[in-house]
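Enquirer: would you be able to build a 3D model of this:
(one chain, ligands or ions: 1)
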Amino acid sequence: MPSGASALPTAPALLDVYARVGPLFVRGEGVELIADNGTRYLDFVAGIGVNALGYNHPVIRAAVERALGSGLIHVSNLYRSDAGERLAEELVARSFADRAFFCNSGAEANEAAFKFARKWSGKSEIVAFSGSFHGRLFATLAATDRPDYRKPFEPLVPGIRIVPREDWAAVDHAVSASRTAAVIVEPVQGEGGVRPVDAEWLGFVRELCDSRGVAIIFDEVQCGLGRTGSLFAYEQAGVVPDILTLAKPLAGGLPMGAVLVTSAVAAALKPGDHATTFGGGPLVASVALEVVRTIADPAFLADVRRKAEWLGARLARLAAGAPRVAEVRGRGLMWGLELAEPAAPIVAAARDRGLLVVTAGPQVVRLLPPLVITLEELERGVAILEELLA
Ligand SMILES: *Cc1c(COP(=O)(O)O)cnc(C)c1O
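Expert: Numbers count the residues shown, from 1 in each chain. Model (predicted):
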């Protein structure tokens with residue numbers, strides 16, 4: 001157990017855009033982070049969904065070592081390299097998509113998706129929804145429903161609007177056959193409070209977009225790649241996008257994003273339309289290939305679903321005994337406890353007891369444990385939360 005987990009002074013040489021707290025982490029093992037004083041923390045944040053296979057996973061270690069053995073960390077996209085091509089084949093084979101583009105982060109993937117949708121549609125407007133988070137670059141910030149993130153950086157990119165989520169009339173009104181290039185939606189909203197989006201409404205948006213020549217972009221940066229118990233979250237919604245973005249867990253902790261597109265969208269793009277120096281390089285792509293293969297294994301996904309079912313029931317039980325918990329929402333191993341009070345003090349108190357959780361908005365405690373977590377480890381974490389919220 002951590003003893004008071006003293007907050008370090010903010011690192012004086014780092015730009016103060018993060019409110020970093022607590023321990024200095026020096027090692028990771030499985031689902032635990034280990035601080036410089038030896039204290040172990042059960043990690044229900046997993047790098048905000050990045051470390052899906054936990055820490056020091058043998059598959060990732062081996063992939064990194066193998067990739068380094070070739071001497072190729074980077075090869076320019078001016079030339080061919082093997083790992084990126086194989087990763088694209090793997091993602092295409094396992095999804096609705098026909099082509100993949102690789103970049104380096106979630107925001108970059110969404111920015112690319114906007115450009116692809118504009119080029120494909122010949123139109124410019126983007127529609128996003130309340131509660132959304134799509135990134136912090138200029139176009140993605142304009143599609144992100146967080147006034148505090150947006151305000152200091154106005155004017156934002158024009159032509160991007162946010163309309164109420166799950167509002168049938170609002171989306172019908174906002175999506176224009178003559179102006180709208182794309183709608184973007186997270187099938188399960190993450191930062192916005194962990195909200196699975198109503199599948200029937202998504203189906204309605206799909207129909208609207210089909211009839212009006214508008215692309216649907218699913219942002220699965222957080223909810224994709226096994227997090228909800230299927231390889232992609234859209235499989236559970238039963239609605240297929242035209243464009244899908246991935247990032248967080250894709251390359252096992254190395255920075256990587258991907259944009260998956262249909263052949264129709266791909267046909268609108270030609271050499272020179274988009275590029276990024278590092279995207280899909282040999283090191284990140286070979287690690288991502290192993291991550292995708294590991295997560296896509298039906299036995300792995302079945303195990304995630306089994307743990308998800310257990311966790312959902314366990315959290316419902318927690319909430320039933322804790323009036324401070326107003327609502328429990330989630331899918332798979334992605335859950336939010338909406339509190340009747342600010343979430344930050346609970347997050348801090350959990351950390352003091354050796355459990356890392358994160359907020360998702362002011363009153364939601366978010367759980368995103370590594371997908372490799374065991375039931376015993378899940379119970380250990382939930383028991384700490386239960387005690388704190390009792
Ligand atoms: C984290 C996140 C992003 C942004 O990803 P970055 O890699 O931080 O740019 C975009 N969309 C969703 C749903 C996310 O959770």
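
Enquirer: make it CA atoms for all contacts and neighbour counts henceforth
Expert: OK.

Enquirer: distance of Asn110 from the ligand?
Expert: Going from Asn110 to the ligand by Cα to the nearest ligand atom, to the nearest Å gives 7 Å.

Enquirer: wait, that residue sits on Glu220?
Expert: No: applying Cα atoms under 8 Å as the test, Asn110 and Glu220 come out as separate, 10.0 Å apart.

Enquirer: surely Phe138 is in contact with Pro158?
Expert: No: the criterion here is Cα under 8 Å, and Phe138 misses it with Pro158 at 9.9 Å.

Enquirer: quick one, which of the two is more surrounded?
Expert: Set Phe138 next to Pro158 and count neighbours by other Cα atoms under 10 Å: Phe138 wins out with 18 against 12.

Enquirer: can you pull the contacts of the more buried one?
Expert: The contact partners of Phe138, taken as Cα atoms under 8 Å, 6 or more residues apart in numbering, are 156-157.

Enquirer: and the pLDDT for it?
Expert: Phe138 is assigned a pLDDT of 98 by the prediction.

Enquirer: shared neighbours of Asn110 and Glu220, which are they?
Expert: Joint contacts of Asn110 and Glu220 (Cα under 8 Å, 6+ apart) are Thr245.

Enquirer: low-confidence ranges in the protein?
Expert: Along the chain, segments meeting pLDDT under 70 span 1-10.

Enquirer: so which residues of it form helices?
Expert: 46-49, 58-69, 82-93, 106-121, 138-142, 147-150, 168-174, 199-212, 234-237, 263-267, 282-296, 298-320, 344-352, 375-389 (DSSP state H).

Enquirer: as JSON lines, those with distance to Gly131 would be great.
Expert: Formatted as JSON lines, the helices of the chain follow (distance: least, Cα to Cα, whole Å):
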{"stretch": "helix 46-49", "distance to Gly131": "17"}
{"stretch": "helix 58-69", "distance to Gly131": "33"}
{"stretch": "helix 82-93", "distance to Gly131": "28"}
{"stretch": "helix 106-121", "distance to Gly131": "16"}
{"stretch": "helix 138-142", "distance to Gly131": "13"}
{"stretch": "helix 147-150", "distance to Gly131": "11"}
{"stretch": "helix 168-174", "distance to Gly131": "15"}
{"stretch": "helix 199-212", "distance to Gly131": "15"}
{"stretch": "helix 234-237", "distance to Gly131": "18"}
{"stretch": "helix 263-267", "distance to Gly131": "27"}
{"stretch": "helix 282-296", "distance to Gly131": "28"}
{"stretch": "helix 298-320", "distance to Gly131": "22"}
{"stretch": "helix 344-352", "distance to Gly131": "19"}
{"stretch": "helix 375-389", "distance to Gly131": "25"}
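
Enquirer: so Asn110 and Glu220 - more neighbours on which side?
Expert: Asn110 (31 against 27).

Enquirer: and that one, how far is that from Glu207?
Expert: 22 Å (Cα to Cα, to the nearest Å).

Enquirer: do Phe300 as well
Expert: Phe300 is 33 Å from Glu207, by Cα to Cα.

Enquirer: neighbour count winner among those two?
Expert: Phe300 (19 against 13).

Enquirer: test my guess that the more buried one contacts Thr294.
Expert: Yes: with contact defined as Cα under 8 Å, Phe300 counts as touching Thr294 (7.2 Å).

Enquirer: any idea how many residues pack against the closest residue to Ala302 other than its chain neighbours?
Expert: Leaving aside its sequence neighbours, Ala302 sits nearest to Gly229 (Cα to Cα, 6 or more residues apart in numbering; 7.2 Å). Other residues near Gly229 come to 28 when the count uses other Cα under 10 Å.

Enquirer: the one 10 residues further on now?
Expert: Applying the criterion other Cα under 10 Å, we find 20 residues in the vicinity of Val239.

Enquirer: excluding chain neighbours, give the residue nearest to Arg305 in space.
Expert: Gly229 (4.9 Å).

Enquirer: show me what contacts that neighbour?
Expert: Taking Cα under 8 Å, 6+ apart, one finds 301-302, 304-305, 308, 331-333 in contact with Gly229.

Enquirer: let's go with 6 Å and repeat that
Expert: If you count contacts by Cα atoms under 6 Å, 6 or more residues apart in numbering, Gly229 has them with 301, 304-305, 332.

Enquirer: what's it sitting at in phi/psi?
Expert: Main-chain dihedrals, Gly229, degrees, to the nearest 10: phi 100, psi -10.

Enquirer: from the ligand, how far out is it?
Expert: The spacing between Gly229 and the ligand, counted by Cα to the nearest ligand atom, is 17 Å.

Enquirer: next: Gly190.
Expert: With distances taken as Cα to the nearest ligand atom, Gly190 is found 6 Å from the ligand.

Enquirer: neighbours around that residue, how many?
Expert: Other residues close to Gly190 by other Cα under 10 Å number 28.

Enquirer: same thing with Ala113?
Expert: 29.

Enquirer: also the one 10 residues further on?
Expert: Counted by other Cα under 10 Å, the residues lying close to Lys123 total 18.

Enquirer: now Gly122
Expert: 15.

Enquirer: what sits closest to it if chain neighbours are left out?
Expert: Going by Cα to Cα, 6+ apart, Gly122 has Ala181 as its nearest residue, at 7.2 Å.

Enquirer: coming back round to it: and of the contacts of Gly229, the nearest to the ligand?
Expert: Gly332 (15.4 Å; Cα to the nearest ligand atom).

Enquirer: and the spatially most central residue of the chain, its phi and psi?
Expert: Centroid check for the chain by Cα atoms, centre = their mean gives Gln222 as the closest residue, at 1.2 Å. Main-chain dihedrals, Gln222, degrees, to the nearest 10: phi -100, psi -40.

Enquirer: please report how far it lies from Val50.
Expert: For Gln222, the distance to Val50 equals 8 Å [Cα to Cα].

Enquirer: look up the closest residue to Gly321, ignoring the ones flanking it.
Expert: Ala390 (7.1 Å).

Enquirer: before we move on, what about Gly135?
Expert: Gly135 sits nearest to Ala107 (Cα to Cα, 6+ apart), 4.4 Å away.
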